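Trainee: need a 3D model of the following:
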Amino acid sequence: MDELKLILGTKFMRSIVTKIIAKAILKKTGYHVDIDLHEITAEVVDGKVHLHANVDAAINTDDLVNIIKSNGLI
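Mentor: Next up is the predicted model:
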């Protein structure tokens with residue numbers, strides 16, 4: 001059984017990952033999202049990745065309405 005665990009516990013590492021995720025969302029969607037990453041763990045067991053994230057995100061109300069409309073939910 002192969003096993004690999006990755007836990008981002010330090011504030012420095014979480015801030016780096018947060019910036020990368022926020023930049024990827026902005027590039028992909030054009031929306032600026034403020035992300036606060038509290039905890040993230042990734043575990044690889046037998047070729048499957050199990051991911052757990054504790055995240056808070058904030059987005060402008062107008063942007064959220066545009067996202068919902070573009071996906072046909074309103």
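
Trainee: do you know how far the residue nearest the centre of the chain is from G72?
Mentor: Taking C-alpha atoms, centre = their mean, the centroid of the chain lies closest to I21, which sits 5.7 Å from it. From I21 across to G72, the span is 25 Å (C-beta to C-beta, to the nearest Å). Glycine gets a C-beta too; all of them are placed from N, C-alpha and C.

Trainee: ok, back up a step: how close does the residue nearest to the centre of the chain get to V45?
Mentor: Separation of I21 from V45 (C-beta to C-beta): 24 Å.

Trainee: same check, this time on I16
Mentor: 25 Å.

Trainee: again with D63
Mentor: Shown here: D63 relative to V45, a distance of 37 Å by C-beta to C-beta.

Trainee: what's the answer for N54, then?
Mentor: N54 is 20 Å from V45, by C-beta to C-beta.

Trainee: burial measure for H50, as a count.
Mentor: By other C-beta atoms under 10 Å, 10 other residues sit near H50.
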